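[1] I need the structure of the sequence given here:
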Amino acid sequence: MPATVEELKGGWMPPADYYLQQRVKYPWRYVMSGNARLLEFTETQGNQEHFYVGPWSLSEYQNNATMRGVPETTVMWFNDLQGKRHSIYLPLYRTKRVAGEPDIAEIWNAFKIVFPGRKLEDNNYWPSELDMATVDIHVSDDLKTYTASLIWRDQRIPLSVGKTQFFDLEPFAHAEGQDTPAPDVIKRLQSGPDVANH
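    Residues are numbered from 1 along each chain as shown. Sure, this is the predicted structure:
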């Protein structure tokens, strides 16, 4: 961004509190609605934490209240209501800041509306189920439209969805063109890694 480069040359410094505020966590989790049943996902949060929730741990994720950074991007593997497997890459921002950094200001502001006044120290509080918000990824019947909303109690705030990438997949596959994996791989996906052999 040429304007930002000129500001930096003129002595402007980006405020450090922007990055400190990114570290503030909120009580939320993903859900999928519409023509989708969530199976597993990876995500990047605005505080640069990365997570993978596998099929063996999805139930634990859905049933544990916890604090998390603001969502930035996710890859979700899901079945449609007819049982066909798909994946979607979904950025929850539309623009970028300096040096290609995702601009998560819009989703960040939505979380600030739902949870006003949160500070870094609030990361240490353990939330209850009543505190939990959801980021609902809604899939249209024809699998062509994806919308996102932050939902908490009676509040529903629409969120931006950037350029998505959608793939039809074979059962238990993770990439386009990949065949269904061997039975032992499917078993590991369903029951989790065998930690005794690591």
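
[2] next structured bit after the helix-or-strand element of the chain with minimal mean pLDDT?
    When the helices and strands of the chain are compared on mean pLDDT, DSSP states H and E, helix 16-22 comes out lowest with a mean of 72. Counting by DSSP states H and E, the element after helix 16-22 in chain order, helix or strand, is strand 26-34.

[3] for stretch 100-117, which outside residues touch it?
    By C-beta atoms under 8 Å, 6 or more residues apart in numbering, the surrounding residues in contact with stretch 100-117 are 21-22, 26-28, 46, 70-73, 91-97, 118, 133, 150, 152, 155, 157, 159-160. All C-beta atoms are positioned from the backbone trio N, CA, C, and that covers glycine.

[4] before we move on, what about stretch 26-34?
    With contact meaning C-beta under 8 Å, 6+ apart, stretch 26-34 is reached by 38, 41, 43, 61-62, 65-71, 74, 76, 78, 111, 114-115, 118, 127, 131-141, 150.

[5] check stretch 169-179 too.
    By C-beta under 8 Å, 6+ apart, stretch 169-179 touches 77, 85-87, 167-168, 180-181, 185-186, 189.

[6] quick one: buried residues of the least confident helix or strand of the chain?
    For helix 16-22, a neighbour-count test (16 or more other C-beta atoms under 10 Å) marks 21-22 as buried.

[7] what of stretch 159-175?
    Residues 159-161, 167, 169, 172-174 are the ones in stretch 159-175 that count as buried (16+ other C-beta under 10 Å).

[8] please list the members of those residues that lie in helices.
    With helices identified by DSSP state H, none of the entries of those belong to them.

[9] just curious, which of those residues is nearest to Gly11?
    For these, the residue nearest Gly11 by C-beta to C-beta is Ser160; the value is 32.2 Å.

[10] thought the closest one was touching Leu92?
    Yes: the criterion here is C-beta atoms under 8 Å, and Ser160 meets it with Leu92 at 6.5 Å.

[11] for the chain, what spans make up the strands?
    Taking DSSP state E, the strands of the chain run over residues 26-34, 37-45, 50-53, 67-68, 71-79, 85-91, 133-139, 146-152, 155-159, 165-169.

[12] now render the ones you listed as CSV, adding distance to Trp12 and mean pLDDT.
    Shown next, in CSV, are the strands of the chain (distance: least, C-beta to C-beta, whole Å; pLDDT from 0 to 100):
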stretch, distance to Trp12, mean pLDDT
strand 26-34, 30, 98
strand 37-45, 27, 97
strand 50-53, 31, 96
strand 67-68, 32, 95
strand 71-79, 25, 97
strand 85-91, 27, 97
strand 133-139, 33, 98
strand 146-152, 32, 97
strand 155-159, 30, 97
strand 165-169, 35, 97
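
[13] and those strands as CSV, adding distance to Lys9?
    Shown next, in CSV, are the strands of the chain (distance: least, C-beta to C-beta, whole Å):
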stretch, distance to Lys9
strand 26-34, 36
strand 37-45, 31
strand 50-53, 34
strand 67-68, 37
strand 71-79, 29
strand 85-91, 30
strand 133-139, 38
strand 146-152, 37
strand 155-159, 35
strand 165-169, 36
